[in-house]
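J.: quick one, what's the 3D model for this:
(2 chains)
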Amino acid sequence: GNSVTQMEGPVTLSEEAFLTINCTYTATGYPSLFWYVQYPGEGLQLLLKATKADDKGSNKGFEATYRKETTSFHLEKGSVQVSDSAVYFCALSWTGNQFYFGTGTSLTVIP
Amino acid sequence: DVKVTQSSRYLVKRTGEKVFLECVQDMDHENMFWYRQDPGLGLRLIYFSYDVKMKEKGDIPEGYSVSREKKERFSLILESASTNQTSMYLCASRPLRTSYEQYFGPGTRLTVT
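T.: This is a model prediction of the structure:
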């Protein structure tokens, strides 16, 4: 079946630290891959996406590369800020209607 | 900016009550979705709608129904609320023409006592 597995949290980092949140997927074929972010008290927002193998999605200093060899889409940021504190969801979809979300990883950045 | 609004941020209902959760989007999107979000389970799709009066079951439709009488509004109905329906409910919409992005509302935290 189709599924997304992401690293469990919570993750706590100091400001300016390097961030990696691991995400791997199980799927037939090559779906599009996404990272969504949920700030406290808000709905989810699309952070970045990649629609084919070797694509790199990037936004707000975050990056993720679609690796079909390892079926992974790890999220990275070189220097996190307090304002990056949120829950991050990895997801996949073929059609845009049926999404498969991971369980979410909570990130807290401390000054 | 796309705006998806949900009728309540917090709702408390009693077991057995009929509950309506309303969602409105202002961007003429064709597709609309209802999810529930639970700790450790992520988001799970309850229902989606691809047109007025059209609906499709998602992964967990049991205990829920939906209504879409107008393009901008998508309602989730709990016919007889139960305590295991205590959750965060998220509505989303999506235009057909874009590459998959869904736009989410802020969520309704429902507590059933």
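J.: residue closest to the middle of chain B?
T.: residue B:34 (2.8 Å; CA atoms, centre = their mean).
J.: doesn't that one fall inside a strand?
T.: Yes. The assignment for residue B:34 (DSSP: H, G, I helix; E, B strand; the rest coil) places it in a strand.
J.: list the contacts of the longest strand along chain B.
T.: Secondary structure of chain B per DSSP state E: the longest strand is strand B:42-51. By CB atoms under 8 Å, 6 or more residues apart in numbering or on different chains, the residues outside strand B:42-51 that reach it are A:4, A:44, A:89, A:97-99, A:101-104, B:30-38, B:55-61, B:64-66, B:68, B:71, B:74, B:76, B:90. The C-beta positions use only the backbone N, C-alpha and C, and glycine is treated the same way.
J.: residue contacts, the residue nearest to the centre of chain B?
T.: Residue B:34 neighbours (CB under 8 Å, 6+ apart): B:21, B:23, B:45-48, B:58, B:64, B:66, B:74, B:76, B:89-91.
J.: same question, residue B:80
T.: B:16, B:17, B:18.
J.: out of those residues, who's the most crowded?
T.: residue B:17 (13 neighbours; other CB atoms under 10 Å in any protein chain shown).
J.: phi first, then psi, for the closest residue in space to that residue that isn't next to it in sequence.
T.: Distance criterion CB to CB, 6 or more residues apart in numbering or on different chains; nearest residue to residue B:17, sequence neighbours excluded, is residue B:81 at 5.1 Å. Phi and psi for residue B:81, reported as degrees, to the nearest 10, are phi -60, psi 140.
J.: check residue B:25 too.
T.: phi -120, psi 150.
J.: do the same with the one 3 residues further on
T.: Reported as degrees, to the nearest 10, the phi and psi values for residue B:28 are phi 60, psi 30.
J.: any chance of the contacts of residue B:80 in JSON lines, plus pLDDT?
T.: Listed next are the contacts of residue B:80 as JSON lines, based on pLDDT from 0 to 100:
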{"residue": "B:16", "pLDDT": "97"}
{"residue": "B:17", "pLDDT": "97"}
{"residue": "B:18", "pLDDT": "97"}
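J.: next step: those residues restricted to strands.
T.: Using DSSP E, none of these sit in strands.
J.: packing partners of the lowest-mean-pLDDT helix or strand in chain A?
T.: When each helix and strand of chain A is scored by mean pLDDT, DSSP states H and E, strand A:99-101 comes last, with a mean of 89. Here strand A:99-101 touches strand A:3-6, strand A:86-93, strand B:42-51, going by 3 or more CB pairs under 8 Å, 6 or more residues apart in numbering or on different chains; DSSP states H and E.
J.: okay, the ones you listed, which one's buried deepest?
T.: strand A:86-93 (a mean of 24; mean count of other CB atoms under 10 Å in any protein chain shown).
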